[in-house]
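Engineer: Show me the folded form of this:
(2 chains)
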Amino acid sequence: DGGITQSPKYLFRKEGQNVTLSCEQNLNHDAMYWYRQDPGQGLRLIYYSQIVNDFQKGDIAEGYSVSREKKESFPLTVTSAQKNPTAFYLCASSIDPGLSGANVLTFGAGSRLTVL
Amino acid sequence: EDKVVQSPLSLVVHEGDTVTLNCSYEVTNFRSLLWYKQEKKAPTFLFMLTSSGIEKKSGRLSSILDKKELSSILNITATQTGDSAIYLCAVGPFSGGYNKLIFGAGTRLAVHP
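Structural biologist: Now for the predicted structure:
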């Protein structure tokens, strides 16, 4: 079955450490996204990528980095520069943003990061 | 500033009740409004409403878009415990290629037996 796989599901990090969250999709979607979810707040966009080797900052990109070397993969690195990284991170994908129905995102199961 | 506001933030009902969740928005250019259900982890897609499709229904769930009032409602009739979840509303402004969705904070629904 097609879908999005995120790993790990739970991750603990010490302050000052970088961590990388994995996101893989087999939906043949062109666009991929990373969102952060905090209690009582809506999902906030960190980074997005419409095609391979291209990505753009979202609303809260500071302290995060991404790469898009393959269509299927869009890993997110949470760097030590992120001041409050404890959160639930969701990866999503969609068809070509220029097509009808492109606003429908398919989400992964998420990764919960806790900074100790 | 573009924003999406959902109400209520939380709701507790008993099985069999009917609930109405609200979503209002202010965006520069409107393209579509989407509803998602988030039970534990991954939000799952429920409906997408656009100017050409302002009403959707699936089983006990239905949704209406009011473009004049810049709002939408999600109705759930004959609620079941399996309806317990966070319901997310998102609005997608037309961007010419950048598919940015703006999410509301969600409504947490708890359905008790």
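Engineer: just for chain B, where's the confidence low?
Structural biologist: Low-confidence segments of chain B, defined by pLDDT under 70: B:93-99.
Engineer: can you give me the strands for it?
Structural biologist: Using DSSP state E, the strands found in chain B span residues B:3-7, B:10-14, B:19-26, B:30-38, B:44-49, B:55-58, B:61-66, B:71-76, B:85-93, B:102-103, B:107-112.
Engineer: Show me what from chain A comes close to chain B.
Structural biologist: Selection of chain A residues close to chain B by C-beta under 8 Å from any C-beta of the partner chain yields A:4, A:31, A:35, A:40-45, A:48, A:50, A:56, A:58, A:90, A:94, A:97-98, A:101-110. From N, CA and C alone the C-beta is placed, and that goes for glycine too.
Engineer: Just the ones of the residues you listed in strands?
Structural biologist: Counting by DSSP E, the residues of chain A next to chain B contribute A:4, A:31, A:35, A:44, A:45, A:48, A:50, A:56, A:90, A:94, A:106, A:107 to strands.
Engineer: Turn the strands of chain B into CSV, including distance to residue A:71 and mean neighbour count.
Structural biologist: Shown next, in CSV, are those (distance: least, C-beta to C-beta, whole Å; neighbours: other C-beta atoms under 10 Å in any protein chain shown):
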stretch, distance to residue A:71, mean neighbour count
strand B:3-7, 30, 16
strand B:10-14, 39, 13
strand B:19-26, 32, 18
strand B:30-38, 24, 21
strand B:44-49, 21, 18
strand B:55-58, 31, 12
strand B:61-66, 32, 18
strand B:71-76, 33, 19
strand B:85-93, 22, 23
strand B:102-103, 25, 21
strand B:107-112, 35, 18
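Engineer: Let's have the ones you listed in a markdown table, adding distance to residue A:79.
Structural biologist: Below are those laid out as a markdown table (distance: least, C-beta to C-beta, whole Å):
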| stretch | distance to residue A:79 |
| --- | --- |
| strand B:3-7 | 28 |
| strand B:10-14 | 34 |
| strand B:19-26 | 33 |
| strand B:30-38 | 27 |
| strand B:44-49 | 31 |
| strand B:55-58 | 41 |
| strand B:61-66 | 39 |
| strand B:71-76 | 37 |
| strand B:85-93 | 27 |
| strand B:102-103 | 24 |
| strand B:107-112 | 31 |
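Engineer: Distance to chain A added to those strands, as JSON lines?
Structural biologist: As requested, the strands of chain B are exported to JSON lines (distance: least, C-beta to the nearest C-beta, whole Å):
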{"stretch": "strand B:3-7", "distance to chain A": "7"}
{"stretch": "strand B:10-14", "distance to chain A": "10"}
{"stretch": "strand B:19-26", "distance to chain A": "11"}
{"stretch": "strand B:30-38", "distance to chain A": "5"}
{"stretch": "strand B:44-49", "distance to chain A": "6"}
{"stretch": "strand B:55-58", "distance to chain A": "13"}
{"stretch": "strand B:61-66", "distance to chain A": "13"}
{"stretch": "strand B:71-76", "distance to chain A": "14"}
{"stretch": "strand B:85-93", "distance to chain A": "4"}
{"stretch": "strand B:102-103", "distance to chain A": "4"}
{"stretch": "strand B:107-112", "distance to chain A": "10"}
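Engineer: For chain A, give me the ranges with low pLDDT.
Structural biologist: A:1, A:97-102.
Engineer: ok, the residue nearest the centre of it - contacts?
Structural biologist: Centroid check for chain A by C-alpha atoms, centre = their mean gives residue A:34 as the closest residue, at 2.5 Å. Residue A:34 makes contacts with A:23, A:45-48, A:58, A:64, A:66, A:74, A:76, A:89-92, as judged by C-beta atoms under 8 Å, 6 or more residues apart in numbering or on different chains.
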